[in-house]
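S.K.: dropping the sequence and predicted coords here.
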Amino acid sequence: MQRFAVLQLTGCAGCEVSLLNAEKWIDEYQLVYMSLVTSAYTVPEVDVLLVSGSVQSDEDLFRLRRAVGQG
């Protein structure tokens, strides 16, 4: 089973909540990181990284780079 993570940057959590209700994702992928449902501070290595929102600060850019292994 492929592993996926959701990195929430700016914006509300509506998309993340909708994703949790999408049975296709939950049935076919193992959710290993989503700030709404996990207490981890770093995104583990995954097959699929979904990014919600946009980069609007240096912290957002740092978090994104770290999640893709460039920081």
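M.R.: Good, I have the coordinates. Numbering: from 1, shown residues only.

S.K.: quick one: the strands in this structure, in order.
M.R.: Counting by DSSP state E, the chain has these strands, from start to end: 2-8, 29-34, 48-52.

S.K.: JSON lines for these, including mean neighbour count?
M.R.: The way it works is simple: take the backbone N, C-alpha and C, and place the C-beta from them, glycine included. Below are the strands of the chain laid out as JSON lines (neighbours: other CB atoms under 10 Å):
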{"stretch": "strand 2-8", "mean neighbour count": "19"}
{"stretch": "strand 29-34", "mean neighbour count": "16"}
{"stretch": "strand 48-52", "mean neighbour count": "15"}
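
S.K.: the closest residue in space to Ser52 that isn't next to it in sequence and Asp27, how far apart?
M.R.: Distances taken as CB to CB, 6 or more residues apart in numbering place Gln8 nearest to Ser52, at 4.7 Å, with adjacent residues excluded. Distance of Gln8 to Asp27, computed by CB to CB, to the nearest Å: 22 Å.
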